[in-house]
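Q: give me the fold of what follows.
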Amino acid sequence: MSGIAIVVDDLSGPEVAALLAEHLEEMRAVTPVESKHALDLDGLRRPDVTFWTAWDDSNDTVLLGCGALRELDPTHGEIKSMRTTTAYQGIGVGSALVRHIIAEARRRGYRRLSLETGSSEHFAPARRLYARHGFVPCPPFGDYPEDHHSAHLTLVL
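A: Numbers count the residues shown, from 1 in each chain. Next comes the predicted model:
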C-alpha cells in the first residue's frame, strides 16, 4: 500500500455498510446495550455529522477505515465511528483519520474535540491511539451519562 486517501463519504457503498455493521456488531458483543453509543447509518447521515472513509490510494476499491465528526456546538466537536478494517489495523489508518479529523475541527474553529470510547481492556488500543494524539480523560460531555463502561476523552484545540 502506498498511501491513504481520506474522502467525505455519503455512506451509500456496500463496503462502508459492511464495515459499520461489523463495528456495531462488535460494540454489541463487548458493551452493555445501555452503554453503546455508536451511531448507525441513519445516525451518521444526520446534518451535524461529517463522515469520512480511508482508502488505499493505489487501489480505490480497498476500504481501510472510517471516522466521523459530529458538531456538538459551534466550538465543540465529537469524534464518532472510528474504525479500521481488521486487515489494515496497526499500519497507521487510525492515526491518519484522527489527524484528519483534528485538522478539520481546527479548520471549523472548534476549541475542543471530544469522544467517548469503552473503558474495558478491549478498547485499550483506541484509548492509546487517542492519547498519542493529545487526548486526555474528561468528565462526560454532551448527553453522555456517567457510566463506568465509558471513557470520555478531550483535546483542547
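Q: give me the phi and psi angles of the residue with the largest distance to the centre of the chain.
A: Distance from the centre of the chain peaks at Ser58, with 23.5 Å (C-alpha atoms, centre = their mean). As for Ser58, its main-chain torsions (degrees, to the nearest 10) stand at phi -100, psi -10.
Q: swap in Leu115?
A: phi -160, psi 160.
Q: helices and strands around the strand ranked longest in the chain, which ones?
A: If each strand of the chain is counted by residues according to DSSP state E, the longest one is strand 59-73. If you count contacts as 3 or more C-beta pairs under 8 Å, 6 or more residues apart in numbering; DSSP states H and E, strand 59-73 packs onto helix 14-30, strand 49-56, strand 76-84, helix 93-107. C-beta here means a position set from N, CA and C on the backbone, and glycine is covered the same way.
Q: need the winner for burial among those.
A: strand 76-84 (a mean of 23; mean count of other C-beta atoms under 10 Å).
Q: who does that one pair up with?
A: In the sheet containing strand 76-84, its partner strands are strand 59-73 (antiparallel), strand 112-118 (parallel), by DSSP bridges.
Q: next, format those as a markdown table and append mean pLDDT, distance to Leu20 and mean neighbour count.
A: Formatted as a markdown table, those follow (pLDDT from 0 to 100; distance: least, C-beta to C-beta, whole Å; neighbours: other C-beta atoms under 10 Å):
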| stretch | mean pLDDT | distance to Leu20 | mean neighbour count |
| --- | --- | --- | --- |
| strand 59-73 | 94 | 7 | 18 |
| strand 112-118 | 96 | 16 | 22 |
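Q: closest to Ala18 out of the ones you listed?
A: Nearest to Ala18, of all the strands paired with strand 76-84, is strand 59-73, at 8.5 Å by C-beta to C-beta.
Q: show me how far that closest one is from its chain's centre.
A: 8 Å (C-alpha atoms, centre = their mean, to the nearest Å).
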